[in-house]
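Chemist: Model the structure of this input:
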Amino acid sequence: MLGGYGCLSAAIFGRDALAHLQSVVVGFGPQPPFYGRDQSLFVWFLQWGTRALTHLHNPLSTTAIFAPHGYNLAWATSIQGPALLMAPVTLLAGPVASFDLLAIAAPAVAAWTAYLLCAQLMPGRRSSAVAGGLLFGFGTYETAEMVNHLNLALVALVPLTALLVLRRHAGGISRRAFVAGLAIVLVLQLWTCTEVLATMVIFGALALGLAVLLGHRASRPAIGVTVRETLAAAALAAVLAAPFLYQAFRYPNPVQGISGANAGVDVANFLTPTRVTWLPGIGPLASSAERLRGNVTEQLAYVGLPLLLLLGAFAVSFRRRLAGRLLVSFILIATVASLGSHLVDRGARTGLGLPWGIIDQLPLLRFAVPGRFVLYVWLAIAVAAAYWLAEGRPTSRVARWGLFGLVAASLAPNVSGVPWGTRVDAPPLLRSPALARYVMKGSTVLALPFGISGSSMFWQVQADFRFRLAGGYVSGSVPNEYRPAIHLIHALEGNSFRGDLTPRLCAFIRLTGTTVILLRDGTSGSWARLLDPLGIEPAHVGGFAVLALGGALKPGGACGR
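Modeler: You can find the predicted model right below:
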């Protein structure tokens, strides 16, 4: 089955990238023909993980970005586990190829582990398990995250965790194998995406709690044993993950001021498809999607009317069974949690407060983005659909599979309306021997546009880490040392600004130790107004305007006063 899912993923998401593994990335971004900024940071992580291995660096800490202070990567949107695993591919073919192969594998492996979970629950019903795998691996959540959130697309370990718990509860594996296996899976998830690990713990606890509340009293002792063994696995995972946890809590947390409680799903998204599926091109659906809150990678909840009908039929058919009561309850609770702290309808925040609002006051969990909880809704939906398809008489199964065909059609990814492969932004200067003339090895560069608005992370990879970056983009925040310059950073991203920012720019240059500014040709922004006061005549070479700051930093220069 893994091979079949892999071929499907390659046909949908990889058809453009596979022919150009070193110059095209899977997914797309806001400014074609250049790729999305999130791909840039994941390509950087893949190269950094390989560099950490070959240079014996700490993979969770770096001074290559946000000079001179560096960044604690344990709090970044890191994929350090996959980066270390893919190091041989990165060494042989480069980080862009590693990114593409991981991206194509993500939905396929997620579908496969969901298939294994469904097959465990309904043995002998392979076709139903295949359908469950398709829903999870190629549903709206995974399709939307394939745009440019590789860390959130690598979710195969979520069904695998549930599978291990179920197999242990059924006596299919020994206690020792379960504890060791689950601990390893949890550690792997920690090194893949900390956010998914945290939410996996939350919704795993919810599932076990519902099993206790809704199950027969006679089953509770066995569930209690599974819970205790799961806690033992979590404790072992904490021991195995000690280096990561030490890095996270011993050193500064650069995202401590962030809260995601307000980033819930737009309730209209459950019935409104976005452009990652083929349906938005039909009639009024195109304009409806434009009114949803957030960008397309956060619009993860579209299930559509056919799937809602299927779930309704499941709820009726399985209303007297534990599986039905548990799955329906789980879906409802997870859906409410995914709406965040306030209900949002078609982009407008209503006055209705929701339970997740209390999380805004809690440590660690407040960083979670509730809109992404639909990952667990999709897994429960996949299992419910597989159960429903596996039931009934042969004559009724024809109708059931006909409805599933409508579901598959309504959720089908948009294979032609969006660019699932986009070319990387690789200015020729960065691979040219001429770079040594303008940028000394080990010097600090201010690459513009700054952070998320530019491709500086990939430019550093292209230059083989020849320079450090004054800035970077590895999460939604900057280190504490950079926060006094937040208004300047807004201008460095290419946004409009008021007044004279020269004093602030000079202070930032001195703070970071910047010696060279690289401004990408053709980018929009008030660059002349921002940079001309430095009094430096730029050299235009290899796709950049290069500003050497030596003169500006000397006494009498714009920043030497």
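Chemist: quick one: contacts of the helix or strand hosting T230?
Modeler: Secondary structure from DSSP states H and E places T230 in helix 220-240. Residues outside helix 220-240 that contact it (Cβ atoms under 8 Å, 6 or more residues apart in numbering) are 165, 168-169, 175, 178-184, 186-187, 190, 201, 204, 208, 211-212, 215, 245. Quick note: C-beta positions are derived from backbone N, CA and C, even for glycine.
Chemist: Can you say which helix or strand has T54 in it?
Modeler: T54 is part of helix 37-55, with elements assigned from DSSP H and E.
Chemist: What about the contacts of helix 220-240, which are in helices?
Modeler: Mapping these onto helices (DSSP state H) picks out 165, 168-169, 175, 178-184, 186-187, 190, 201, 204, 208, 211-212, 245.
Chemist: Can you select the buried ones among those for me in PyMOL?
Modeler: Of these, the buried ones can be selected in PyMOL as follows, counting by 16 or more other Cβ atoms under 10 Å:
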select buried, resi 165+168+169+178+179+181+182+183+184+186+187+190+204+208+211
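Chemist: related to what we said a few turns ago, the helix holding T54: what's the following helix or strand?
Modeler: Sequence-wise, the next helix or strand downstream of helix 37-55 (DSSP H and E) is strand 61-62.
Chemist: Tell me the spacing between the nearest residue in space to S78 that is not next to it in sequence and A156.
Modeler: Among residues not flanking S78 along the chain, F45 sits closest, at 5.9 Å (Cβ to Cβ, 6 or more residues apart in numbering). For F45, the distance to A156 (Cβ to Cβ, to the nearest Å) stands at 18 Å.
Chemist: okay, those two: which has more neighbours?
Modeler: More neighbours surround F45 than the other of F45 and A156, with 27 against 24 (other Cβ atoms under 10 Å).
Chemist: wait, that one sits on G81?
Modeler: No. Contact between F45 and G81 fails when scored by Cβ atoms under 8 Å: they sit 10.1 Å apart.
Chemist: Find the residues that touch each one of those two.
Modeler: In contact with both F45 and G81: no residue, using Cβ under 8 Å, 6+ apart.
Chemist: Name the SS class of V546, please.
Modeler: strand (DSSP: H, G, I helix; E, B strand; the rest coil).
Chemist: R498 now?
Modeler: Assignment for R498 (three-state DSSP): coil.
Chemist: what does the model give it for pLDDT?
Modeler: At R498, the model reports a pLDDT of 89.
Chemist: I'd like to know how far T192 sits from P427.
Modeler: T192 sits 31 Å away from P427, taking Cβ to Cβ as the criterion.
Chemist: So which of those two has more stuff around it?
Modeler: Set T192 next to P427 and count neighbours by other Cβ under 10 Å: T192 wins out with 23 against 20.
Chemist: Just confirm that one contacts P82, I think it does.
Modeler: Yes. Using Cβ under 8 Å, T192 is in contact with P82, at 6.0 Å.
Chemist: Now for these two: what residues contact both?
Modeler: Common neighbours of T192 and P82 (criterion: Cβ under 8 Å, 6+ apart): L154.
Chemist: quick one on the thing from earlier: what separates the helix holding T230 from the chain centre, distance-wise?
Modeler: From the chain centre to the centre of helix 220-240 is a distance of 28 Å (Cα atoms, centre = their mean, to the nearest Å).
Chemist: No further queries at this time; thank you.
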